[in-house]
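>>> structure for this input, please:
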Amino acid sequence: MDEKKQLNGEETKEHQESVEERAPEHPVELTDSNASSEERRKGRKNRKAKRGSFGKGVFTGVLATLLILVLIFGISACAIGKGGSAVNPASYAKLAALEKIINRYYYQDVDQKAMEKGMYKGIMEAMGDPYTEYYTAREYEDLMASMTGSFVGIGVSMMKTEDGKIKVVTVYDKSPAGEAGMVSGDLIEKVGNQSTEALSLEDIVARVRGQEKSQVELTLRRADGSEKVLSVARRRIEIPSVFHQMAADGIGYVRIDQFSENTLKEYLAAMDDLKKQGMNGVIFDVRNNPGGMVTSVTDILNHILPEGTSVYMVDKQGKRTDYCSDGKDELKIPIAVLTSKNSASAAEIFAGAIRDYHKGTLIGQTTFGKGIVQQTMRLADGSAVKITVSSYYTPNGESIHKKGITPDIPMDVSETKSTNAGTYDILKDNEVGRAIETLQKQLR
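Numbers count the residues shown, from 1 in each chain. Sure thing, here's the model as predicted:
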């Protein structure tokens, strides 16, 4: 397992124009998104439902396995056709037969590259695991760019809603999207002349991105139901993952949007600034944080926790890998952590560790519940696969997978308020207000 592991995120959060985290040659991930992991799972189901009998045949795992192993790795059929492998001489024959049928009878010309891509994706989908995926070389490059928080795009994060709409979640400060008039809550109905209805989130991200200084035309549905067409410039976007300010007298506020490569540096700078302003209590906001890199969240926890394990992972063979805090920089002030139903993966590692060490009070909603880890492996032709490789556990040994973490002070999501303009004001956020009250009591 790699030193850097990815938990799960233009621009996703689960990750959206997609902001996920940067990984090394073989990264390990704990989430997805922008879009949220749940949205991606549903999107995947919708795409599978729309594939006809042709798609089901072409996307068969046997054929995908055959192509991945033979075309990319160059393993011979004779060498792997024994021992019950899905790849065997019969697979070759079936592949050839299906290709002949398609080429002879299918009523339209077939895009061979799309067919090949579909077969590779099919073998990963055959696992029945929404986090196990295949990436083309272009998709992998986009994934890696997103992980750094630097890429060419318009500066938004987006998600696919339960009814299949593409919703803008965040419009980043000083971004082309913000300058053009896009706001949080806008629905993207078209990219250029292409409707987003039948496209996956990944496809939409690819269409929204493009060459620096070029333009993309977006058809939006506003919150009031009106339609708006905007031409938005693409440029290099640098997305910060940490935002901070003083929330009240002596109480700092630190929002972590994802755990990416630069998050530790941003976190340390934010905490240093707040301490200079007299902070003696802090609110950590990981609501809607889809996750990120294991090393990112554990490096930050090393500046919060006492000495001990911050999270550990167990793989298929039962091998345990611990990530530990040395306790040298333990944060010894009152802490509150804000969570939401979309706080996932690395965000749950963060909240779970603070809970298990009794370092702070959790406020908000029960978290998403993603307690498994993915590793991304690049193939010889530049494409890549992401596959679930282990489960992770909080310091007390709890698996939060499909359960999430229940906050100490539950608050319904409807109690959270923000401004109508799509910008955020912590003074209008009831959950932040509750956190301030909680910390003030502890500071008396």
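>>> the helices in the stretch 301-444 of the chain, which residues?
Ranges of helices in the stretch 301-444 of the chain, per DSSP state H, counting those that start in this stretch, are 346-356, 430-443.
>>> format those as TSV; extra columns: mean pLDDT.
Below are the helices of the stretch 301-444 of the chain laid out as TSV (pLDDT from 0 to 100):
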stretch	mean pLDDT
helix 346-356	98
helix 430-443	96
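>>> from residue 315, how far out is residue 221?
45 Å (C-beta to C-beta, to the nearest Å). For every residue, glycine as well, the C-beta is placed using N, CA and C.
>>> sorry, back to before: highest average neighbour count across the helices of the stretch 301-444 of the chain?
helix 346-356 (a mean of 28; mean count of other C-beta atoms under 10 Å).
>>> just checking, what packs against that one?
helix 294-301, strand 308-315, strand 335-339, strand 361-364 (3 or more C-beta pairs under 8 Å, 6 or more residues apart in numbering; DSSP states H and E).
>>> about what we covered before: give me the more crowded residue out of residue 221 and residue 315.
Set residue 221 next to residue 315 and count neighbours by other C-beta atoms under 10 Å: residue 221 wins out with 18 against 14.
>>> which residue is the nearest non-sequential neighbour of that one?
residue 187 (4.1 Å; C-beta to C-beta, 6 or more residues apart in numbering).
>>> now that neighbour: phi and psi?
According to degrees, to the nearest 10, the main-chain angles of residue 187 amount to phi -110, psi 130.
>>> that one reaches residue 164, doesn't it?
No. Using C-beta atoms under 8 Å, residue 187 is not in contact with residue 164; the gap is 10.5 Å.
>>> tell me which of these two has more neighbours.
Set side by side, residue 187 and residue 164 show more neighbours around residue 187, with 17 against 14, by other C-beta under 10 Å.
>>> from residue 181, how far out is that one?
Taken as C-beta to C-beta, the span from residue 187 to residue 181 is 14 Å.
>>> picking up where we left off before, ok, now which ones touch the residue nearest to residue 221?
Going by C-beta atoms under 8 Å, 6 or more residues apart in numbering, residue 187 touches 165, 166, 167, 168, 220, 221.
>>> any idea which element the third one lies in?
Spelled out, it's residue 167. strand 166-171 (DSSP states H and E).
>>> for that strand, what is the distance to the chain centroid?
Strand 166-171 sits 14 Å away from the centroid of its parent chain (C-alpha atoms, centre = their mean, to the nearest Å).
>>> next secondary structure after that strand?
Once the chain leaves strand 166-171, the next helix or strand it forms, by DSSP H and E, is helix 176-180.
>>> report the inter-axis angle for the very next helix or strand once past that next one versus strand 166-171.
Using DSSP H and E, the helix or strand that follows helix 176-180 towards the C-terminus is strand 187-191. Relative orientation of strand 187-191 and strand 166-171, computed by axes from the mean of the first three to the mean of the last three C-alpha atoms, to 10 degrees: 110 degrees.
>>> just checking, what packs against the helix or strand just after strand 187-191?
Note on strand 187-191: by DSSP H and E, the next helix or strand toward the C-terminus is strand 194-195. On a contact count with 3+ C-beta pairs under 8 Å, 6+ apart, strand 194-195 meets no helix or strand.
>>> strand 194-195: how far from the chain's middle?
With C-alpha atoms, centre = their mean, you get 24 Å for strand 194-195.
>>> what sits against the residue nearest to residue 138 when sequence neighbours are not counted?
Nearest residue to residue 138, sequence neighbours excluded (C-beta to C-beta, 6+ apart): residue 206, at 7.2 Å. By C-beta under 8 Å, 6+ apart, the contact set of residue 206 is 138, 139, 142.
>>> host element of residue 206?
Going by DSSP H and E, residue 206 is in helix 201-208.
>>> average model confidence for that helix?
What helix 201-208 shows for mean pLDDT is 85.
>>> buried ones in it, by neighbour count?
201, 202, 204, 205, 206, 207, 208 (16 or more other C-beta atoms under 10 Å).
>>> closest one to residue 344 out of these, please.
For these, the residue nearest residue 344 by C-beta to C-beta is residue 201; the value is 15.7 Å.
>>> for residue 282, see how far away the nearest residue to residue 270 once chain neighbours are set aside is.
Nearest non-adjacent residue to residue 270, counting by C-beta to C-beta, 6+ apart: residue 244, 3.7 Å away. To residue 282, residue 244 is 9 Å away according to C-beta to C-beta.
>>> also residue 109?
60 Å.
>>> these two: who's more crowded?
Neighbour comparison, residue 109 and residue 282: the larger count goes to residue 282, with 26 against 7 (by other C-beta under 10 Å).
>>> could I get the contacting residues of that one?
Residue 282 neighbours (C-beta under 8 Å, 6+ apart): 251, 252, 253, 254, 271, 274, 331, 333, 334, 335, 336, 439.
>>> what does residue 141 give?
Per C-beta under 8 Å, 6+ apart, neighbours of residue 141: residue 382.
>>> and for the one 4 residues further on?
Applying C-beta under 8 Å, 6+ apart, we find residue 145 in contact with residue 151.
>>> if I look at it, how far off is residue 312?
30 Å.
>>> check residue 413 too.
31 Å.
>>> more crowded one of the two?
residue 312 (17 against 12).
>>> which strand residues bridge that one?
Beta-bridge partners of residue 312, counted by DSSP bridges, are residue 322, residue 393.
>>> hmm, back to that, residues making contact with the strand holding residue 167?
By C-beta under 8 Å, 6+ apart, strand 166-171 touches 11, 13, 16, 34, 155-161, 177-178, 182-189, 196, 201, 204, 257, 288, 422.
>>> which among the residues you listed end up buried?
Buried, going by 16+ other C-beta under 10 Å: 11, 13, 16, 34, 155-160, 177-178, 182-184, 186-189, 196, 201, 204, 257, 288, 422, out of these.
>>> so residue 223 is in contact with residue 185, correct?
Yes. Using C-beta under 8 Å, residue 223 makes contact with residue 185 at a distance of 5.0 Å.
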